[in-house]
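**Q** Need coordinates for the below:
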Amino acid sequence: MPGDDCCIRCDGKIFEAERYRSKTALYHKKCFNCKECSKSLESTLADITTGPDCEIYCKKCNREKFGANRTTAYADPKTIIAIDGEGCPRCNGKVFTAEQVVEKGRNFHISCFTCKSCTKPLNDKLQVHIGFDEEVYCKNCYPKIQHTPTGLGGDPGKIKGEENESCPRCEGKVFENEKMRTKKRLFHKQCFNCRQCSHPLNYNTMNCDKDGEIFCKTCYLNIYFTSGKNFYMDSSRKTPAREGDPEACLKCKSKVFQAEKVMSKSGPYHMSCLSCNSCNRLLDSSSFFDGPGKTVYCKNCYATTHGHRSRSKSRGPIDYSQFQAEENDPDQCKGCQGKIFGAEKFSTCFGSFHLPCFKCNKCNSSLHLSPDSACNRNGKIMCKQCFSKERSQSRKAGNDEEGYLIYAKSVADSHAIPAQEGDPDRCPRCTGKVFDAERMSMKSGQYHKKCFSCFECKRPLDYTLATDSPHNEVYCRSCYTKCFGPQTLILDDDMRHKTDIIKPTDGSGCPRCGGAVFEAERVIAKGTSYHKKCARCFTCNCMLNSLTLCDVQDGSIYCNGCYGRKFGGASYRGAQTQNWVDGSNVKPDWVNPGTIKCEPGDPDGCKKCQGKVYDLERVACKKSVWHKACFNCNSCRTSLNSTLVMAYEAPDDQVYCKSCYRDRFGEGSTPLTYTDVTQIKQVTEDGCVRCSGVVFEAEKVKVSDRQWFHKSCFSCKQCKGNLDILKLSIGPEGEV
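**A** Here you go, the predicted model:
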């Protein structure tokens, strides 16, 4: 059978922590809900009602099931006052069993059982906390309250003590449990704070002065530490100035010393006092502006208050009607009847106006920016909207409004009024008459505004963009530059490198190409001049200038390294020679190889100088032989001794370097041969497999013990492609 401590819903045992009580029964926390809709009622005690069946319902379900006149189970708990002193601690009302909540032996109403601090309902007793004031608090507010027992945590100065036992702050007696001792005094724990800023202290952070007072470190240094304290710019320590002192700051009236002085037209300021009078922005000696009344401003505030952005001090718009015009005066304004001067004239098809007077007579909206929208109605100027409204109202009244609408056309058909031939006011574009209101004057003639456009791109122009042309037409700046401006001459890229086109008349041309040498491209050598392009070493073909070239007796030029190797003594030539040279390399004085002439048709005659060619100085090609000194490019005179593979024999039986051969005979032509290595036939079995010529060590390529090739002959038998000793294959007949 269910007992007194059993839930009426589940018949289970109810403990104190989960007990909920209604007027007639007890419930578990999870069972405390509406019988009809099962809505939880633990957090909505004000909505709980008890039905005739002694069950609990929410207000809505109780009203729907039993009618609207049922009363709630809980009335105002304050209406019945407790007489025996055992009432609710909050409202002092009598607590009945159905609404009783017991906590620490005290009875609370369910509605009064709330947090003392935030008044939040405390439905869960496990979340209730009791403070030292015997009040109940929620778990959020409990840590924030005073946790000192009443009578001890109040004012420590209530109990007075003797002078040697009292706290100097509150003059209360200091007991052993709350004693904080310094060298001379005793303090309560809660009174143990900085004298200056009241910051709480302990034994590690306190600083004691000679009188026994305690300070934090910062305040102690500010008050007593003077050996390193810098009071510069400290506004709290300014020296007062005498009245009328010229060295007083205009803002704070304190004395200004030289180190912190900023002078203005009105007088001196401290650096810290020099701020804008309007926005209080801190300024310096280069950013302030003097204003009236001994004030200073920043740049922006000065411009707004007193400068170009300040408000106009005029008394309002100008009254143009003050200057009345005479009757029938062509310069009379149609709006105000005042005199119109040239600078303020605005001409329309309705007549001349002042610029502000050309406005709608109905709504006063300005029309000078859109004169096409102006209309004339009975001699009055109106905008289109007001005109349409007036005309519509007039038509509804039965008036005939046809023929009254006249639009002001600022851009009319300009050719409607033709001008006579030879008329200076004739537009060159449309041949129409040009009047003052639409005149655009140029050297080429008078134009309508509509016709004043670029002749090339038809862009509308004004005086800042228009340019007269030699053809008596107007162009925009871009088209004028394209048609008549400076032009860039596009040259043939190959022509820029041909220096032999212009020949000299006096025979003083470049020794390499024979062309005339001008000052802008001159490189001076001994007794002659070269083009910059032609000033190259005769041996290594490197570029030279007047400071790095070396002259020799034959008129050739060399770099320092090649000159040292060819003509220097038997010693170390320096870093540019890259080798040691012994006495065998010493060359005798230069001898002209053409001194010993040979007979015409002699196969040993040099092709260039017609001199006798001996074996030690022979360079042989397919058709002729040369001296080593003569074996150079026929065009640029570049020596070809060390670059045999770059020697091209041309159809004119002369040799050229690769660059000159391409320039003279074209890219598509093929040279007859390289230097002919077959002229010297083999006398032993160690000849070249391809050409049967003698193979010397400097040009030997060895494939096997019986196969030798010249470097120039070492190519594929089938495709003639150049080979590498590491990338070849030997065929059945011994060919590569």
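
**Q** List the residues that contact the residue nearest to Pro246 when sequence neighbours are not counted.
**A** Leaving out its chain neighbours, the residue that sits closest to Pro246 by C-beta to C-beta, 6 or more residues apart in numbering is Gly267, at 7.2 Å. From N, CA and C alone the C-beta is placed, and that goes for glycine too. Contact analysis of Gly267 by C-beta atoms under 8 Å, 6 or more residues apart in numbering lists Pro246, Ala248, Leu250, Lys294.

**Q** my guess is Leu26 meets Asp11, correct?
**A** No - applying C-beta atoms under 8 Å, one finds Leu26 not in contact with Asp11, separated by 11.1 Å.

**Q** Counting neighbours, go ahead and name the busier of these two.
**A** It is Leu26, of Leu26 and Asp11, that has more neighbours when counted by other C-beta atoms under 10 Å, with 20 against 10.

**Q** dump the residue contacts of the more buried one.
**A** Leu26 touches Asp4, Asp5, Cys6, Cys7, Ile8, Ile14, Arg19, Tyr20, counting by C-beta under 8 Å, 6+ apart.

**Q** Longest helix in this protein, please.
**A** helix 384-396 (DSSP state H).

**Q** Please point out which parts of that one sit buried.
**A** For helix 384-396, burial by neighbour count (16 or more other C-beta atoms under 10 Å) applies to Lys384, Cys386, Phe387, Glu390, Arg391.

**Q** likewise stretch 165-182?
**A** For stretch 165-182, the neighbour count (16+ other C-beta under 10 Å) marks Ser166, Cys167, Pro168, Arg169, Cys170, Gly172, Lys173, Val174, Glu178, Met180 as buried.

**Q** do stretch 193-213 as well
**A** By neighbour count on 16+ other C-beta under 10 Å, the buried set for stretch 193-213 is Asn193, Cys194, Arg195, Leu201, Met206, Asn207, Glu213.

**Q** Then stretch 100-113?
**A** Across stretch 100-113, burial judged by 16+ other C-beta under 10 Å covers Val101, Asn107, Phe108, His109, Ile110, Ser111, Cys112, Phe113.

**Q** Let's see the longest helix of the chain as PDB, backbone CA atoms only.
**A** The C-alpha coordinates for helix 384-396 follow below in PDB (Å, rounded to 0.1, in the frame of the first residue of the first chain):
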ATOM      1  CA  LYS A 384       8.400  69.400 -68.100                       C
ATOM      2  CA  GLN A 385       6.600  68.000 -65.100                       C
ATOM      3  CA  CYS A 386       5.000  71.300 -64.000                       C
ATOM      4  CA  PHE A 387       4.100  72.100 -67.600                       C
ATOM      5  CA  SER A 388       2.400  68.700 -68.100                       C
ATOM      6  CA  LYS A 389       0.500  69.100 -64.800                       C
ATOM      7  CA  GLU A 390      -0.700  72.600 -65.700                       C
ATOM      8  CA  ARG A 391      -1.700  71.600 -69.200                       C
ATOM      9  CA  SER A 392      -3.600  68.600 -68.000                       C
ATOM     10  CA  GLN A 393      -5.500  70.700 -65.400                       C
ATOM     11  CA  SER A 394      -6.300  73.300 -68.100                       C
ATOM     12  CA  ARG A 395      -7.600  70.600 -70.500                       C
ATOM     13  CA  LYS A 396      -9.800  69.200 -67.800                       C
END
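
**Q** Tell me the helix or strand right after it.
**A** Scanning forward in sequence from helix 384-396 by DSSP states H and E, the next helix or strand is strand 439-442.

**Q** For that following strand, give the mean pLDDT please.
**A** The average pLDDT within strand 439-442 is 90.

**Q** same question, stretch 568-588
**A** For stretch 568-588, the mean pLDDT works out to 48.

**Q** go on, stretch 367-387?
**A** Summarised as a single mean, pLDDT over stretch 367-387 is 83.

**Q** try stretch 617-636
**A** 82.

**Q** still on that earlier bit, show me which of the contacts of Gly267 are buried.
**A** By neighbour count, with 16+ other C-beta under 10 Å, the contacts of Gly267 hold Ala248, Leu250 as buried.

**Q** and which of the contacts of Gly267 is nearest Gln707?
**A** Leu250 (108.1 Å; C-beta to C-beta).

**Q** does the nearest residue to Thr467 once chain neighbours are set aside count as helix, strand or coil?
**A** Of all residues not flanking Thr467 in the chain, Tyr480 sits nearest, at 4.3 Å (C-beta to C-beta, 6+ apart). Following DSSP: H, G, I helix; E, B strand; the rest coil, Tyr480 is assigned to helix.

**Q** what's the spacing between Tyr480 and Phe455?
**A** Distance from Tyr480 to Phe455, counting by C-beta to C-beta, to the nearest Å: 10 Å.

**Q** what sits in contact with each of the two?
**A** Taking C-beta under 8 Å, 6+ apart as the contact rule, Tyr480 and Phe455 both touch Ser469.

**Q** and Val701, how many residues sit next to it?
**A** By the measure other C-beta under 10 Å, the count of residues near Val701 is 19.

**Q** what's the answer for the one 3 residues further on, then?
**A** Here the neighbour count serves as a burial measure; for Ser704 (other C-beta under 10 Å) it reads 10.

**Q** Report the beta-bridge partner residues of it.
**A** Counting by DSSP bridges, Ser704 forms beta bridges with Gln707.

**Q** quick one: it from Val694, how far?
**A** 18 Å.

**Q** before we move on, what about Thr638?
**A** 27 Å.

**Q** And these two? Which one has more around it.
**A** Counted by other C-beta under 10 Å, Thr638 and Val694 do not tie: Thr638 has more neighbours, with 23 against 19.

**Q** could you list every residue that touches the closest residue to that one other than its chain neighbours?
**A** Closest residue to Thr638 apart from its sequence neighbours, by C-beta to C-beta, 6+ apart: Cys657 at 5.1 Å. By C-beta under 8 Å, 6+ apart, the contact set of Cys657 is Asn541, Cys633, Ser635, Cys636, Thr638, Leu640, Thr643, Met646, Ala647, Tyr648.

**Q** got JSON lines for the residues you listed, with secondary structure and distance to Met271 too?
**A** Output for those, formatted as JSON lines (DSSP: H, G, I helix; E, B strand; the rest coil; distance: C-beta to C-beta, whole Å):
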{"residue": "Asn541", "secondary structure": "coil", "distance to Met271": "72"}
{"residue": "Cys633", "secondary structure": "coil", "distance to Met271": "80"}
{"residue": "Ser635", "secondary structure": "coil", "distance to Met271": "80"}
{"residue": "Cys636", "secondary structure": "coil", "distance to Met271": "76"}
{"residue": "Thr638", "secondary structure": "coil", "distance to Met271": "76"}
{"residue": "Leu640", "secondary structure": "coil", "distance to Met271": "82"}
{"residue": "Thr643", "secondary structure": "coil", "distance to Met271": "78"}
{"residue": "Met646", "secondary structure": "helix", "distance to Met271": "79"}
{"residue": "Ala647", "secondary structure": "coil", "distance to Met271": "84"}
{"residue": "Tyr648", "secondary structure": "strand", "distance to Met271": "84"}
